[in-house]
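Student: could you look at this predicted model? Sequence included:
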Amino acid sequence: MTGAAPQPSAHLHDAGTVVPGEPWSTGVARGDDGAVRVGGVDVRDLAAQHGTPAYVLDEQDLRTRARTYRRAFAEAFAQVGADVDVYYAGKAFLSVAVARWVHEEGLRVDTASGGELAVALRAGVPGADIGLHGNNKSDDELTTALDAGVGRIIVDSLVEIERLADLVASRGGAPAPVMVRVTTGVHAGGHEYISTAHEDQKFGLSLAPTRGTADTVADADDDSPAMTALLAVLARPELRLLGIHSHIGSQILDPSGFAVAAKSVLALRARLARRTGVLVAEVDLGGGYGIAYLPGEVALDPDRIAKEIAASVADSAAEVGTDVPRFSIEPGRAIVGPAGLTLYTVGTVKPVRVDEGLTRLYVSVDGGMSDNIRPALYGARYHAEVVGRLSTADRVLARVVGKHCESGDIVVHEVLLPGDVRAGDLLAVAATGAYGRSMASNYNLLTRPPVVAVADGASRVLVRRETVADLLALDTDA
Ligand SMILES: *Cc1c(COP(=O)(O)O)cnc(C)c1O
């Protein structure tokens, strides 16, 4: 924050009472008595039954988003003659039930660790429908993936290619299905994207050759890390090259970055084909589909974006004279983010005079940066509302803060809340389904909140609340 006097942002003028739709899940409604229901369950009952803080997941909303992404991309790519797989990016939030739901809705599951892989397998997702990511996979993780017969391992370095091939050689068995993760230079997220030839980050293998650029280099002279890796995979009979993978960013609201990435990846695919005769079957452009966090923000529309991406992929394929590959995407946030909210109980409420004529009401809740690190980590903005009752009090500029020993422990940076907000009120923060529980910590030895699913007027615990006994059980007192 700068030293300038805080001014309420434009979005605050849109902040009304809780209504279904962005940034809330579609199953949110305020009852006649003024209390909010989610999936037909009164938030007061949720708090009484499960305690607070609690993550509440609207099952129908999540399932509908999964189904919608699957249908939208299948239809759009059918128009250009290609099949699509939609992988749910489990890192956004994964539990056994959620893995099962998305699989029932026709999605596959992407994992990025042995833990995520174990949860997907426990859910009964067949190995063939699971992908494994990671820039530093352990031997144990690779072994588990091979044992499970995962459908694809996305390799991220030359070292990993050799390690994986050696592992397969030592075990025997079928060649491991592999995609090569490349970096196209496109970085998207927020409202803009940047595209540069060179990369300074840990993921993937760059498309930039030593001499010239990816667009101008002669096929035989392309010594880019990406081309080198593809050739390395083809050189190992223990590996089966499925295709090329590229993930350009997260919370993308300007879709033009996908078109730039598609063009680079399809050009690389064509260069590899001219050089080796191998035209890889699949292309994956990763996840990153943006959602609304604040009133007035508009999420990417799956139908529109699917059509745009299908058109860019088809155009780029035509430009380089190849067929349209089998295509896959990996949305995480867009499936689970809007389906979740966090329910807190208000404690201390403290007006703080921040400038002449401007007072900010600091509203402390019973969680904080341990259950939602995104505001502290990325400056992420959220929306909140008092949900246990309807207040007609004038709205005041408020900041929702947690109970941790950090002044940066902010949950909602600024929001207009009823001026009579008080201890004991239930407060909900919208769109916390993604990267909330999955990034939660035990900072200050708080116990991580439960994840409670709601559907058809009933609630059930998907992941139980951690207890102090859980924390003590890890401490050996050695
Ligand atoms: C994080 C990630 C995703 C999911 O990103 P969202 O923004 O949640 O859609 C997909 N693929 C890869 C490789 C990722 O790292």
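Tutor: Arrived safely, thanks for sending.
Student: contact partners for Tyr88?
Tutor: By Cβ atoms under 8 Å, 6 or more residues apart in numbering, Tyr88 lies in contact with Ala66, Ala99, Val102, Leu107, Arg108, Val109, Asp110, Glu330, Pro331, Gly332, Ile335, Val336. In this view, the C-beta of every residue, glycine as well, is placed from N, C-alpha and C.
Student: TSV please, covering those residues and showing distance to Glu75, pLDDT and secondary structure.
Tutor: Formatted as TSV, the contacts of Tyr88 follow (distance: Cβ to Cβ, whole Å; pLDDT from 0 to 100; DSSP: H, G, I helix; E, B strand; the rest coil):
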residue	distance to Glu75	pLDDT	secondary structure
Ala66	15	98	helix
Ala99	25	98	helix
Val102	19	98	helix
Leu107	15	98	coil
Arg108	18	98	strand
Val109	22	98	strand
Asp110	22	98	strand
Glu330	19	98	coil
Pro331	16	98	coil
Gly332	21	98	coil
Ile335	18	98	helix
Val336	22	98	helix
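Student: export those as CSV, with columns for neighbour count and distance to the ligand.
Tutor: Putting these into CSV (neighbours: other Cβ atoms under 10 Å; distance: Cβ to the nearest ligand atom, whole Å) gives the following:
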residue, neighbour count, distance to the ligand
Ala66, 25, 12
Ala99, 24, 15
Val102, 29, 13
Leu107, 25, 12
Arg108, 22, 12
Val109, 28, 11
Asp110, 30, 6
Glu330, 27, 4
Pro331, 28, 5
Gly332, 25, 3
Ile335, 33, 8
Val336, 32, 8
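Student: just put those residues in JSON lines and tack on distance to Gly81.
Tutor: Formatted as JSON lines, the contacts of Tyr88 follow (distance: Cβ to Cβ, whole Å):
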{"residue": "Ala66", "distance to Gly81": "24"}
{"residue": "Ala99", "distance to Gly81": "31"}
{"residue": "Val102", "distance to Gly81": "26"}
{"residue": "Leu107", "distance to Gly81": "22"}
{"residue": "Arg108", "distance to Gly81": "21"}
{"residue": "Val109", "distance to Gly81": "26"}
{"residue": "Asp110", "distance to Gly81": "25"}
{"residue": "Glu330", "distance to Gly81": "22"}
{"residue": "Pro331", "distance to Gly81": "23"}
{"residue": "Gly332", "distance to Gly81": "28"}
{"residue": "Ile335", "distance to Gly81": "26"}
{"residue": "Val336", "distance to Gly81": "31"}
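Student: quick check, nearest of those to Leu445?
Tutor: Nearest to Leu445 among the contacts of Tyr88: Val336, at 26.9 Å, using Cβ to Cβ.
Student: isn't the closest one right up against Tyr55?
Tutor: No: the pair Val336 / Tyr55 is not scored as a contact, 10.3 Å apart, by Cβ atoms under 8 Å.
Student: overlap in contacts, the two.
Tutor: Contact criterion Cβ under 8 Å, 6+ apart; residues shared by Val336 and Tyr55: Gly433.
Student: anything in the helix or strand of the chain with the lowest mean pLDDT near the ligand?
Tutor: The weakest-scoring helix or strand in the chain, judged by mean pLDDT, DSSP states H and E, is strand 192-195 (a mean of 75). No: using Cβ under 6 Å from any ligand atom, strand 192-195 stays clear of the ligand, with a minimum separation of 13.7 Å.
Student: for that strand, C-alpha coordinates in CSV please.
Tutor: Output in CSV follows, covering the C-alpha atoms of strand 192-195 (Å, rounded to 0.1, in the frame of the first residue of the first chain):
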residue,chain,number,x,y,z
GLU,A,192,-3.1,-8.4,-20.0
TYR,A,193,-0.5,-10.7,-21.4
ILE,A,194,3.1,-10.2,-22.3
SER,A,195,5.0,-12.2,-24.9
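Student: buried sites along that strand?
Tutor: Within strand 192-195, the residues scored as buried using 16 or more other Cβ atoms under 10 Å are Tyr193.
Student: what do you get for stretch 144-155?
Tutor: For stretch 144-155, by 16+ other Cβ under 10 Å, it's Thr144, Ala145, Leu146, Ala148, Val150, Gly151, Arg152, Ile153, Ile154, Val155.
Student: repeat for stretch 444-453
Tutor: In stretch 444-453, counting by 16+ other Cβ under 10 Å, buried: Leu446, Thr447, Arg448, Pro449, Pro450, Val451, Val452, Ala453.
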